[in-house]
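Peer 1: Following is a predicted model, sequence given first.
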Amino acid sequence: MIAEELKDLIKRALEALGLEMPNEIHLEHPDELVRGDYATNMAMVLAKRVGKSPHELAEIIIAKLEESKPETVEKVEIAGPGFINFHLSLKFLTNEVERVLKMGDDYGRNQSRQGQKIIIEFTDPNPFKEFHIGHLMSNAIGESISRLIAATGAELKRACYQGDVGMHVAKTLLSLMELPDDALPVQAPLQEKAAFLGDAYAKGSNLYESGEGEKQKAGDLNKKIYDRTDPKVNKLYDWGREVSLEYFETIYGKLGTKFDHYFFESEAGPYGKGVVEEWLEKGVFEKSDGAVVYKGDEEEGLHTRVFINSQDLPTYEAKELGLAKIKYDKYPYEHSLVITGNEINDYFRVLLAVMGEVFPNLAAKTTHLGHGMLRLPSGKMSSRTGDVITAESLLTEVRSKIAPKIVDRGLTEEEKGIIAEQVAVGAIKYSILHQAVGGDIIFDLENSVSFEGDSGPYIQYTYARARSVLSKAKGLDPNLDIEYPSNAGPLGYSMSKSSECHVERLLYRFHEIVAQAATDYAPHQLCTYLHQLASAFNTYYGETKIIDEDSDSSYRLALTAATAQVLKSGLHLLGIAAPEKM
RNA sequence: GCCCUCGUAGUUCAAUGGAUAGAACGGCCCCCUCCUAAGGGGCAGAUGCAGGUUCGACUCCUGCCGAGGGCACCA
């Protein structure tokens, strides 16, 4: 790692000068590429203690650095208020281009979590309800974080937790029970069956809200769902559950997620209830108004939460508590990541406090990540009112906007269809992933679905463009083995326009970005980087003829190939496909 | 009322305590006899308010104003 090398270099220089060692050697990328590749603020940090001005101290440090400057560094200079800027050498930059080509898909991966068992839970749709755009959001984030973590060498397992019991199921059955026996569309295509169920849920919810009698009925149904004493309820339930799960599987396929484990509330519920009852006796929980609750420490901002309600049924809290243990029994993880909507952030804090008492070893290994809501300009979307945007409908909408834009490049209709789907998924996923996890995403169906600029299709387009150039370079191989004139240019070679330097100066950063994004669970860092790289390449493309008669053409092709590789790898880590043509 | 999160160009977002606060969309002006114009080049435009800490604050602390979420039997 070049960054580690530089830190080491700085450290040795500071030691040699007898300077007090700071806690950390701080190294960053200057915000503008022309300033250099790395910068350290050590002179500014240490200046006061030494009693010198930052500039004076920087000069001294630089003089020391110059004594043992490695060949990866072109020059070291003082800049601004006292930064020490490092410019990497052409040799390093071109070596790195070569490394990208040699390592291919492995470039950017690291071994920081080698062999660690990590389980990540996300998407979590509920059978009997729609797979809506909120689930799409959870899936996009979870899948990308999964891939980032896997890229650090972990043994990662994807888990999906699905609510196959509970009031939402009772509501759906509330409306299904009113239908004649032969009303289920058992012969219909899967998608229609799923839509039928979604519709039934919406109707059931409205019924539920219509009066106390209906609420009572739903409550009774909920009991029957648990105890399985009513044949008609069982039949409707089993049919609905199967339809939902089968349908969800088709969506996971489209989105590119393959789960390793499925967990269900029907399993976590009884188990979690048992755990709560056991610890009720041990004093962790207490009874209150017929329910079993955990009294959170209000001084720590924790709420009191119900774990078993007064009807003796486990709530989501008890289920999730049980789930933590069920997961561990299935896959003894070193870390467990749970991705949900951020409206349960406070609740999860309580859950972690409970886990700290009940399963202390698991609590320490669990991290909750709350994401925001996918909002439409009109406000929060809801599945309770039936006014819900399903993932399917959004995908169809976006695909229909993309399809006409696909230029005829000798593709078959089928190929065009696949590309339209890949670009649509890319557009949606990127719009979710390009901002920090946690906040709401404003998704304007009519106006904001943009395929230009900072978007998934822009990155995909740039990749396809680079691949196109490479495929047209018949007889020319990407090749780094060429001579550079040493007489011109700030970097020592004249063929380099500034934009080309930019591409090279960004390429080697890929593995740093991957490592950081994986550590921070922050796919948006990768999006920002990929957009920057694609933009730099497009500028380069615009002002340079890559395939030409001159002797440097093979190097330009190598740079193009390396860019394509990193874009492809980066898109993969976002969970987005990289079509060869579009 | 209490707790959490968040206020950055007209809009949607970036910015491990660093340099001239970056993009994208929208607006205006240019660029296809040339490898994919879903592209490129240029112009205009922003840190809610008031203090504090620091060599240095969008970032940390305090207060105020504003937005979203949560505050026991939904998930």
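Peer 2: Ah, there it is.
Peer 1: Quickly check: stretch A:152-161 near RNA strand B or not.
Peer 2: No: Stretch A:152-161 lies apart from RNA strand B when judged by C-beta under 7 Å from any atom of the strand; the minimum separation is 8.2 Å. Just so you know, the C-beta spots here come from the backbone N, C-alpha and C atoms, and that holds for glycine as well.
Peer 1: Kindly apply the preceding question to stretch A:352-371 instead.
Peer 2: No: using C-beta under 7 Å from any atom of the strand, stretch A:352-371 stays clear of RNA strand B, coming no nearer than 8.5 Å.
Peer 1: give me the element the closest residue to A:Glu56 other than its chain neighbours is part of.
Peer 2: Leaving out its chain neighbours, the residue that sits closest to A:Glu56 by C-beta to C-beta, 6 or more residues apart in numbering is A:Ala47, at 7.7 Å. For A:Ala47, the host element (DSSP states H and E) is helix A:42-50.
Peer 1: Distance from the chain centre to that helix, please.
Peer 2: Taking C-alpha atoms, centre = their mean, to the nearest Å, one finds helix A:42-50 lying 39 Å from the centre of the chain it belongs to.
Peer 1: Could you do stretch A:424-436 as well?
Peer 2: Per C-alpha atoms, centre = their mean, the centroid offset for stretch A:424-436 relative to its chain is 10 Å.
Peer 1: Would you mind listing the buried residues in it?
Peer 2: Judged by neighbour count (16 or more other C-beta atoms under 10 Å), stretch A:424-436 contains these buried residues: A:424-435.
Peer 1: is it up against RNA strand B anywhere?
Peer 2: Yes: Stretch A:424-436 lies within reach of RNA strand B by C-beta under 7 Å from any atom of the strand, at A:434-436.
Peer 1: Could you look up the SS state of A:Cys127?
Peer 2: No Cys there; residue A:127 is Pro. Here A:Pro127 is recorded as coil under DSSP: H, G, I helix; E, B strand; the rest coil.
Peer 1: Let's test this: mean pLDDT of stretch A:520-531, rounded?
Peer 2: Average pLDDT, stretch A:520-531: 97.
Peer 1: Check what contacts that stretch and list those residues.
Peer 2: Here stretch A:520-531 makes contact (C-beta atoms under 8 Å, 6 or more residues apart in numbering) with A:141, A:144-145, A:148, A:337, A:369, A:430, A:433-437, A:454, A:458-459, A:506, A:509-510, A:513-514, A:516-517, A:567, A:570-571, A:573-574.
Peer 1: follow-up on the earlier one: could you list every residue that touches the residue nearest to A:Glu56?
Peer 2: Counting by C-beta under 8 Å, 6+ apart, A:Ala47 has contacts A:53-54, A:56-57, A:82.
Peer 1: Name the nearest residue to A:Lys129, ignoring sequence neighbours.
Peer 2: Once flanking residues are discounted, A:Lys129 sits nearest to A:Tyr201: 5.2 Å by C-beta to C-beta, 6+ apart.
Peer 1: whoops, A:Ser244 was the one
Peer 2: Excluding its sequence neighbours, the residue lying closest to A:Ser244 (C-beta to C-beta, 6+ apart) is A:Pro127, at 3.5 Å.
Peer 1: ok, that neighbour - how many residues close by?
Peer 2: The number of residues packed near A:Pro127 is 25, by other C-beta atoms under 10 Å.
Peer 1: same deal with A:Arg465?
Peer 2: 20.
Peer 1: Pretty sure it sits against A:Tyr541.
Peer 2: Yes: using C-beta atoms under 8 Å, A:Arg465 is in contact with A:Tyr541, at 6.9 Å.
Peer 1: Spatially nearest residue to A:Asp548, not counting backbone neighbours?
Peer 2: Among residues not flanking A:Asp548 along the chain, A:Arg556 sits closest, at 7.9 Å (C-beta to C-beta, 6+ apart).
Peer 1: Only C-alpha atoms, please: export the helix or strand harbouring that neighbour in CSV.
Peer 2: Using DSSP H and E, A:Arg556 maps to helix A:553-574. Output of helix A:553-574 as CSV, limited to C-alpha atoms (Å, rounded to 0.1, in the frame of the first residue of the first chain):
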residue,chain,number,x,y,z
SER,A,553,-1.4,4.3,-28.5
SER,A,554,-0.8,1.0,-26.8
TYR,A,555,-0.2,2.8,-23.5
ARG,A,556,-3.5,4.8,-24.0
LEU,A,557,-5.2,1.5,-24.6
ALA,A,558,-3.7,0.1,-21.4
LEU,A,559,-5.1,3.1,-19.5
THR,A,560,-8.5,2.6,-21.1
ALA,A,561,-8.5,-1.1,-20.2
ALA,A,562,-7.5,-0.3,-16.6
THR,A,563,-10.3,2.3,-16.3
ALA,A,564,-12.8,-0.2,-17.7
GLN,A,565,-11.6,-2.8,-15.2
VAL,A,566,-12.0,-0.5,-12.2
LEU,A,567,-15.4,0.8,-13.3
LYS,A,568,-16.6,-2.8,-13.7
SER,A,569,-15.3,-3.9,-10.4
GLY,A,570,-16.7,-0.8,-8.7
LEU,A,571,-20.1,-1.3,-10.3
HIS,A,572,-20.0,-4.9,-9.1
LEU,A,573,-19.4,-3.7,-5.6
LEU,A,574,-22.5,-1.5,-5.9
